[in-house]
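Q: Make a model of this:
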Amino acid sequence: MRSSNPVLNRLDETTRVESRVLGVGVADEMTVDDVVVRTVGLLLLTGVTGLVSWFLVPQEVWVPAALAGSALAAIVLALVISLRGITNPVPIVAYAVVEGLLLGVASRAFELVYPGIVSEAVAGTFGVFLGMALLYRARLVRATPRMARLVIGTLFGLVAITVVNLVVYLVTGRQGLEVYSLTGEVGGWAYVIAVVAIIAGAFSFILDFDLIERSVRAGRPRRYAWLCAFGLLTGLVFLYWQLLRLLSYLRR
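A: Residues are numbered from 1 along each chain as shown. Modelled structure (predicted):
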């Protein structure tokens, strides 16, 4: 079964032959603990970098420099790491740093307009993640082929909508299904898109947990724990952005 997270899909594709043909020693096999430790480390690095950028990046350079620059760097790094299936921790750590810069700068902008919104979004993000982890652990929600198709299709549709909406906004200045300003009027479809994105992001964790579990059982090399951790980090960042946007809609 394929995951809804393209990063973890890449892991599944690039290690299948390696595990069957070359094999690895038991001491070199990936474990769930390896993924947990690396995920926590990347999250801490992202959080610390976010705090540094929150307090040290001057307000006058938010949009033209820090926000735009870190966003571009994060996108480039994410594409390179996921498409090439990179397991080297150096670019993955670099992604966590630039993503932290982006999160810190943008989150401070939201917090100034809507006090308390960042803590609400952070609590919501980890609450959803832990909730889905418990549901998966208890086998109350299972990763099925039908769920995979539904989640993957929804996420691809959301990406397409985001790209089209962003192009229209950059060309015409008009905001449609997604609202980019912090205080602009929000239409009904913007709420729908945000809610659907949150639900899809939550259920994508179920598919990711399943793929990580199967990868451990298959005895894939330990270095792929970095790629798994990177995949979970991108999922958490996606969910945080969607919650932050929905909460800002509700505050207007």
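Q: Give me the nearest residue to Val97, chain neighbours excluded.
A: Thr49 (5.1 Å; C-beta to C-beta, 6 or more residues apart in numbering). Bear in mind the C-beta positions are built from the backbone N, C-alpha and C, glycine included.
Q: May I have the residues that are in contact with the one you found?
A: Ala96, Val97, Glu99, Gly100, Leu101, Gly104 (C-beta atoms under 8 Å, 6 or more residues apart in numbering).
Q: Which pLDDT value does the model give the first one?
A: In this prediction, Ala96 carries a pLDDT score of 90.
Q: Which residues lie in contact with it in this structure?
A: Leu42, Leu43, Leu45, Thr46, Thr49, Leu233.
Q: In a strand, the second one, correct?
A: What that stands for is Leu43. No: assignment of Leu43 by DSSP: H, G, I helix; E, B strand; the rest coil gives helix, placing it outside any strand.
Q: pretty sure it contacts Leu233?
A: Yes: with contact defined as C-beta atoms under 8 Å, Leu43 reaches Leu233; the gap is 6.6 Å.
Q: So if I had to pick from those two, which one is more boxed in?
A: The neighbour count for Leu43 versus Leu233, taken as other C-beta atoms under 10 Å, is higher for Leu233 (23 against 18).
Q: where does that one fall, phi/psi-wise?
A: Backbone torsions of Leu233, given as degrees, to the nearest 10, read phi -60, psi -40.
Q: and it, what does it touch?
A: Thr39, Leu42, Leu43, Thr46, Tyr95, Ala96, Glu99.
Q: Over to Ala123?
A: Contacts of Ala123 by C-beta under 8 Å, 6+ apart: none found.
Q: likewise the one 3 residues further on?
A: By C-beta under 8 Å, 6+ apart, the residues touching Phe126 are Leu236.
Q: Could I get the buried residue list for the longest helix anywhere in the chain?
A: The longest helix of the chain (DSSP state H) is helix 188-217. Neighbour-count burial for helix 188-217, counted by 16 or more other C-beta atoms under 10 Å, picks out 190, 193-194, 196-198, 200-212, 215-216.
Q: next one: stretch 149-156
A: Val151, Ile152, Thr154, Leu155.
Q: Fine, thanks again, bye for now.
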